[in-house]
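Visitor: test case, fold it:
(2 chains)
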Protein chains: 2
Amino acid sequence: MKIHTAETLAQMFEDHFLQMRTPDDPENLYAPIRYALGEGGKRMRPTLLLLSYNLFGDNMAQALDAAAAIETFHNFTLLHDDIMDNASMRRGRPSVYAKWGENVAILSGDAMLINAYAALQRVPAAVLPQVLHAFNSMAAQVCEGQQYDMDFEQRNKVSVVDYMHMIELKTSVLLAGATTIGALLAGASDDDVRHLHRFAIELGLAFQLQDDLLDSYGDERLGKKIGGDILEGKQTYLMVTAMSNADEGQREVLRTAPHRDDWSDEQKIAAVKAVYDTLDVPHLTEQQINIRFARATAMLDALSVPAERTESLRTYAASLIGRKR
Amino acid sequence: MKIHTAETLAQMFEDHFLQMRTPDDPENLYAPIRYALGEGGKRMRPTLLLLSYNLFGDNMAQALDAAAAIETFHNFTLLHDDIMDNASMRRGRPSVYAKWGENVAILSGDAMLINAYAALQRVPAAVLPQVLHAFNSMAAQVCEGQQYDMDFEQRNKVSVVDYMHMIELKTSVLLAGATTIGALLAGASDDDVRHLHRFAIELGLAFQLQDDLLDSYGDERLGKKIGGDILEGKQTYLMVTAMSNADEGQREVLRTAPHRDDWSDEQKIAAVKAVYDTLDVPHLTEQQINIRFARATAMLDALSVPAERTESLRTYAASLIGRKR
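Guide: The predicted model follows:
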């Protein structure tokens, strides 16, 4: 059996995905879809799906439509999230919402979600009921995650447990949908499907925490602006962990610093990070990432396939959270 | 084989539909769905699905989930349409958009569309690929219809052909999805499926034209306000027909009357209807409704089932456009 690297599979997916056609008319419905699905995404979810499939089978063509379904679904969520978050930029260019307006963004997002299911309908009939079930349950949970995320913006106290639950729904579940569906397509055993589901849940949590950490402590030399989450007053693992460990004075700083009119952005960021540092939050976050990543790889150890078949997936998982294998 | 009346099937559906459960949390995601799907709809689409199924089979329980999928999908379109149309009322009470705001309406609409597919996943595996295909193609076309509808609002010239194409996509296709899926579930032949599809396309056109006609020429005693479409400057079969038959002076009246600040609503409506009457538009519309309805019933004549089995569906179709059989 041929095991492919993540790079090969990502390229295989890209070739398949970009040759998929949408109708020309109505232009205002389909042009935004072509724009949103064009090159530029990391294709993380389809890559995970194909890597998971490839653990048990190498007839990759059988998995490409489901991979397209999951990538289309992911981009649908971004499109509608951008309306809800009033986000004008996406992947370094105007969002569909900013470029075409809200009504077009709503409707072309809807059509994109339907397109995702249209890709799914080409899945082999024998596994279609299970795959459709996994996809639906994933999709519903991602919506729940987005709702909790919006709810949290209205709350001033979010516990670490609530936060982890939210990012599990909003981020991990989509990765777990990818690995689960990849395994189902390849006819994996129930146990292997379950392990790959859990693997992706833990990996997704590690990935989101890493993302949270880099937003405040990343390398400016990589060109990313540091401190965006702090300035937006976003709930992140850093913030909810700090809040749960802070004394009253520190809590006051965390709550008010981002909104102080008399401070520059640099001052706001420095004040919040000073509290984070005092409370050892970066280190606690690193620890949590390591725990989650270890749990993820333990799930790969538990799979019924020979260890060497899991190499590609392990390497890719490690790269996603900037770890060496 | 037991043939049920439309009333019996509608009640059977209602009982099934209202006992379906959604999760409690997050409240802001699921409460709007319960609100939107609660009692109050005409349940026209599930009734058509069940009537179509019942032409070939009477194990009605097998068709209830697909009927729920189609009713859920229909309500999803209303929910998102209300955002796009800025509509504050729906079925005599505040729309989800008006009651919960736009973000909740977008996201709970998304979850409702996913719920529709979740109902579909319980369809018998043997017919699932065909049913999913029919559902996806229906759903995509309904989005196209809504996009054309929005596009037409920006255009001052819409031809009769363009208008008929738009309402075929926006209205007929959903009814045709219902009859097609009902027939597929019952294992109908390809010919019968095609005939039932065409039946619903024609019925949907007759239904929409009747709706357009009643909005301007309905019976005030039925409590419906007359002339709403005229005041909103909406494209309707009456308007596009009048525009295509009008001379320059009449066209000017049709174009400007709805926007005249110096006229009362009654004056605006009277001016437009005077042009309609001069051009014989109500009569032309009636004729078109009759032609479409005749084509629809001809499709039922072409079915391979004994004529008496089609009685319930014929009676229901006639009732939808206020015709006697």
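
Visitor: what's stretch A:162-176 in contact with?
Guide: Residues outside stretch A:162-176 that contact it (CB atoms under 8 Å, 6 or more residues apart in numbering or on different chains): A:44-45, A:48, A:70, A:73-74, A:77, A:138, A:141-142, A:144-146, A:148-149, A:152, A:196-198, A:200-205, A:207-209, A:235, A:237, A:240. C-beta: built from backbone N, CA, C; applies to glycine.

Visitor: give the buried residues for that stretch.
Guide: Of all the residues in stretch A:162-176, those buried under the rule 16 or more other CB atoms under 10 Å in any protein chain shown are A:163-164, A:166-176.

Visitor: any idea how far apart the tips of that stretch sit?
Guide: Its first and final residues considered, stretch A:162-176 spans 19 Å by CA to CA, to the nearest Å.

Visitor: got it, and stretch A:144-162?
Guide: End-to-end distance for stretch A:144-162: 13 Å, by CA to CA.

Visitor: list the buried residues of it.
Guide: For stretch A:144-162, burial by neighbour count (16+ other CB under 10 Å) applies to A:144-152, A:158.

Visitor: kindly report the same for stretch A:2-9.
Guide: When burial is assessed from 16+ other CB under 10 Å, stretch A:2-9 yields the following buried residues: A:3-4, A:6, A:8-9.

Visitor: run through who's touching that stretch.
Guide: Taking contacts as CB under 8 Å, 6+ apart, the residues outside stretch A:2-9 that touch it are A:12, A:47, A:50-51, A:54, A:58, A:60, A:308-309, A:311-313, A:315-316, A:319.

Visitor: also stretch A:46-61?
Guide: Contacting residues not belonging to stretch A:46-61 are listed as A:1-4, A:6, A:9-10, A:12-13, A:17, A:62-64, A:66-68, A:70-71, A:175, A:178-183, A:185-188, A:192, A:196, A:200, A:303, A:305, A:309-310, A:312-313, A:316 [CB under 8 Å, 6+ apart].

Visitor: give me phi/psi at A:D265?
Guide: Per-residue torsions, A:D265: phi -60, psi -40 (degrees, to the nearest 10).

Visitor: can you get me a residue count around the closest residue to it other than its chain neighbours?
Guide: Of all residues not flanking A:D265 in the chain, A:L231 sits nearest, at 5.8 Å (CB to CB, 6 or more residues apart in numbering or on different chains). A:L231 has 15 neighbouring residues, counting by other CB atoms under 10 Å in any protein chain shown.

Visitor: list the buried residues in stretch A:315-325.
Guide: So stretch A:315-325, judged by 16+ other CB under 10 Å, has buried residues A:315-318, A:320-321.

Visitor: distance from the chain centre to that stretch, please.
Guide: 15 Å (CA atoms, centre = their mean, to the nearest Å).

Visitor: show me what it is in contact with.
Guide: Residues outside stretch A:315-325 that contact it (CB under 8 Å, 6+ apart) are A:5-6, A:44, A:47-48, A:51, A:199, A:203, A:206-207, A:210, A:289, A:293, A:296-297, A:300, A:314.

Visitor: quick check: phi and psi on the residue of the stretch 201-325 of chain A found nearest chain B?
Guide: Closest approach between the stretch 201-325 of chain A and chain B, counting by CB to the nearest CB: A:Q235, at 15.0 Å. Listed backbone geometry of A:Q235 is phi -80, psi 130, with angles given as degrees, to the nearest 10.

Visitor: who's in contact with it?
Guide: With contacts defined as CB under 8 Å, 6+ apart, the neighbours of A:Q235 are A:149, A:152-153, A:158, A:163.

Visitor: ok, it to A:F152 distance?
Guide: 5 Å (CB to CB, to the nearest Å).

Visitor: again with A:W100
Guide: Using CB to CB, one obtains 29 Å as the distance from A:W100 to A:F152.

Visitor: same question, A:L284
Guide: With CB to CB as the criterion, A:L284 and A:F152 are 20 Å apart.

Visitor: and for A:G40?
Guide: Shown here: A:G40 relative to A:F152, a distance of 28 Å by CB to CB.

Visitor: just the ones of the contacts of stretch A:315-325 in helices?
Guide: Using DSSP state H, A:6, A:44, A:47-48, A:51, A:199, A:203, A:206-207, A:210, A:289, A:293, A:296-297, A:300, A:314 are the members of the contacts of stretch A:315-325 that sit in helices.

Visitor: among those, who's most crowded?
Guide: Counting neighbours by other CB under 10 Å, A:L48 leads those with 31 neighbours.

Visitor: which one is that residue nearest to, not counting chain neighbours?
Guide: Excluding the flanking residues, the one nearest A:L48 by CB to CB, 6+ apart is A:A178, at 4.3 Å.
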